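> Sequence first, predicted model second:
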Amino acid sequence: MSSKSLPYSKKDVHYDNAKFRHRSFFKVITQNLHTSNVKNHCMSCSTGKFLLLLMIFGVAYLMLTHTSPTTDGLVKGSKNGTYEHITSGGIRFGNIFRKPPRLPPQLPPDVKGSRGNTGLDHRKLNSDLKWIARQQNVKKAFIHAWSGYKKYAMGYDELMPVSKRGVDGLGGLGATIVDGLDTAMIMGADKVVSEAGLWIETHLSNKINQTSQVNLFETTIRVLGGLLSAYHLSSVENGMDSTHKGPKPVVYLETAKNLADRLLAGFTSSPTAIPFGDVVLRDPSAHPAPDGRCSTSEVSSLQLEFNYLSSVSGDPKYTVQSMRVLEHIKTLPKVEGLVPIFISPRTGEFSGENIRLGSRGDSYYEYLLKVWLQKNRESNFTYLHDMYEEAMKGVRHLLVRKSIPNGLVFVGELPFGADSSFSPKMDHLVCFLPGTLALGATKGLTKEKAMRNNMLNFEDLENLKLAEDLAKTCFEMYSVTSTGLAPEIAYFHTEEFSEGGLDGGNKSSQYMNDIIIKPADRHNLLRPETVESLFVLYRITEDPKYREWGWQIFEAFEKYTRVDTGGYSSLDDVTSVPPHKRDKMETFFLGETLKYLYLLFGDSSVIPLDKFVFNTEAHPIPIEGTAKRG
Ligand code: DMJ
């Protein structure tokens, strides 16, 4: 499915109107001759006939000279090598016809050409239509999530869908609005784009200027990342859509600059290269978190956003400050590339010995790879790839084990450092890793293309294999429970570790004895990591099982987390049916979970992985030199 062509109008899949069906050029002309009013008025006179013929040939000429690929999403422009957007109900392209006519879904050329020849072609056709329809279900879910938020919580950070009110859990910058905006753009949810855009234009700057304390990391990945991605996706200068609803792109950029200028206090207030975690935007000023430490993942997951802002604003200060963190961490001692989950902004040293790829550790590893990719693998940044590769070797050597009795591959923890005991605990957060490993192996190309071009070395192949094994484990963490939804944390049964079984499990799962879910870990926060990895693995391996797994997970979200009056809720216990709703819709459900599902079911040329990196909150940022700058 990597390069299938779908038209910009596949959002109209249910639109069954003959006048929108595909007709050959010949048919268009002949039908026009039969039906045109112009014919009735003009065919009786020869000047009329001449004018009609002139018009037909004029239209034919335009159609032939301006045909566009009907690929969904970004396609390479023919003239200048930049990338233009074509929409699947989402991102559109700037071409001769600004507003293209609404058309029904068209089939990819390979399906079209051979339709009806074999049973296989019919199956392929049905499969394509199935995924188009499933993608629309995700869009509907997004609109349902937004409608609840808009009704009960507009302007607040998050929706509490059961008690039908809003809550400011992230400093009060309307985080759901900004986090969800680029998802709406990608889906072509125009009404949401204009409502969110209007709120940002009218309120966000005031909020930023008046807000007291925010967390540097959360605000950067969700709000700054969301603004920058919205800026890019709405900028016609970037070959993007000029018809997006909402304010001009510069509004997003100016708001992003105002926010980032204040967030910079986190870096400039610290005596070391490691920033303080809490920033008072109003002042602006910054201070360390109460225990004086920062999470390693938090200080090392700011660079994609600040680098991109430097690139589009022309001001290097954002890059300079944020990259100092990674340059500094490069010099610190590590355990086979692995790092403790805390670091001190006062001393610049790691704090404690706890090593894990779950909470507080996760996106450190993700950004080593993605910043290197963002910088187009330039030699100045090779050190990041070296750090990433060493760390992944360390993961394979020190953290990867297999469960018993059925051999699920998982990534455990070293809570007291490498010389102490191994814990078979895996946070759901670790499920970002399969996607990152696969991306690192092929650099965003399909596996098939990377193999054909002889691009995969031993490390890449090992990492790709691990990615596939871990993605299966992450999926089984869902299918082993009675709701079909994963817990926040799972333990794995090994020779050394065994603890009660899993009560409330799915009796038909063969992994009931491999996975242990402790009572305190049974909640589900609508997190994205597994579907994120399924999306990346599908793009890279083109194996349809990842889509099927994603659909199964989406159906479970629909069944157990949907609140009829609007929105979706996190759950208390995924092992009990029906599960009790926690009454919180996290912003990343709109920003990440639904976006990755939508992209998983859609055409692979939308936001291609060799042209964009997703920040850790799923906001796509262009790789330098591959998409035109604004
Ligand atoms: C998101 O805010 C980001 O993905 C972050 O890196 C950690 N996880 C949450 C979603 O689970």
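That came through, no problem.
> what's the neighbour count on the one residue in the stretch 151-300 of the chain that gets nearest to the ligand?
Across the stretch 151-300 of the chain, no residue is closer to the ligand than residue 221, which sits at 6.1 Å (C-beta to the nearest ligand atom). Any C-beta I mention is one placed from the backbone N, CA and C, and that applies to glycine too. Residue 221 has 25 neighbouring residues, counting by other C-beta atoms under 10 Å.
> does the residue lying closest to it once chain neighbours are set aside sit in a helix, a strand or a coil?
Leaving aside its chain neighbours, residue 221 sits nearest to residue 617 (4.1 Å; criterion: C-beta to C-beta, 6 or more residues apart in numbering). Assigned with DSSP: H, G, I helix; E, B strand; the rest coil, residue 617 falls in the coil class.
> is it true that residue 617 touches residue 181?
No. Counting by C-beta atoms under 8 Å, residue 617 does not reach residue 181; the two are 11.9 Å apart.
> Touching both of those two, which residues are there?
Taking C-beta atoms under 8 Å, 6 or more residues apart in numbering as the criterion, residue 617 and residue 181 both touch residue 226.
> about what we covered before: give the burial count for the residue nearest to residue 221, as a bare number.
Count around residue 617 with other C-beta under 10 Å applied: 27.
> What of residue 598?
A count of nearby residues for residue 598, using other C-beta under 10 Å, gives 26.
> What pLDDT is listed against it?
pLDDT, residue 598: 98.
> Report whether the expected contact of it with residue 143 is present.
No. With contact defined as C-beta under 8 Å, residue 598 does not reach residue 143; the gap is 11.7 Å.
> give me the residue from the stretch 451-600 of the chain nearest the ligand.
Closest approach of the stretch 451-600 of the chain to the ligand (C-beta to the nearest ligand atom) occurs at residue 527, with a separation of 3.9 Å.
> measure the residue nearest to residue 221 to residue 194 for me?
Distance, residue 617 to residue 194, using C-beta to C-beta, to the nearest Å: 22 Å.
> since we're on residue 202, how many residues are nearby?
Residue 202 has 11 neighbours, counted by other C-beta under 10 Å.
> Quick check: pLDDT value at it.
98.
> what about it, is that helix, strand or coil?
Three-state assignment for residue 202 (three-state DSSP): helix.
> what's near enough to touch it?
Per C-beta under 8 Å, 6+ apart, neighbours of residue 202: none.
> start the count at 598, not 1, going forward
Right, with 598 as the first residue, what we last looked at is residue 799.
> what does whichever strand or helix holds residue 1045 rub up against?
In this assignment (DSSP states H and E), residue 1045 forms part of helix 1044-1049. Applying C-beta under 8 Å, 6+ apart, the contact partners of helix 1044-1049 are 599, 1038-1040, 1053, 1057, 1061, 1137-1139.
> Quick check: of those, which lies closest to residue 1205?
Distance to residue 1205 across the contacts of helix 1044-1049 (C-beta to C-beta) is lowest for residue 599, with 9.3 Å.
> coming back round to it: can you report phi and psi for the residue of the stretch 1048-1197 of the chain closest to the ligand?
When read as degrees, to the nearest 10, the backbone of residue 1124 gives phi -70, psi 160.
> what's the nearest residue to it if we skip its chain neighbours?
Counting by C-beta to C-beta, 6+ apart, residue 1124 lies nearest to residue 1025, which is 5.5 Å off, once chain neighbours are set aside.
> Tell me if I'm right that the one you found and residue 1123 touch.
No. Between residue 1025 and residue 1123 there is no contact under C-beta under 8 Å: 10.8 Å.
> and the gap between the nearest residue to residue 938 once chain neighbours are set aside and residue 1167?
In space, and not counting its chain neighbours, residue 938 is closest to residue 957: 3.9 Å by C-beta to C-beta, 6+ apart. Distance, residue 957 to residue 1167, by C-beta to C-beta: 20 Å.
> Who are the contact partners of residue 1061?
1034-1035, 1038-1039, 1044, 1053, 1137.
> So, low pLDDT: which residues of the stretch 748-897 of the chain?
The stretch 748-897 of the chain contains residues with pLDDT under 70 at 833-841.
> again, only this time at 80
The stretch 748-897 of the chain contains residues with pLDDT under 80 at 833-842.
> Check the stretch 948-1097 of the chain too.
Applying pLDDT under 80 to the stretch 948-1097 of the chain flags residues 1096-1097.
> Many thanks, I have nothing further to ask.
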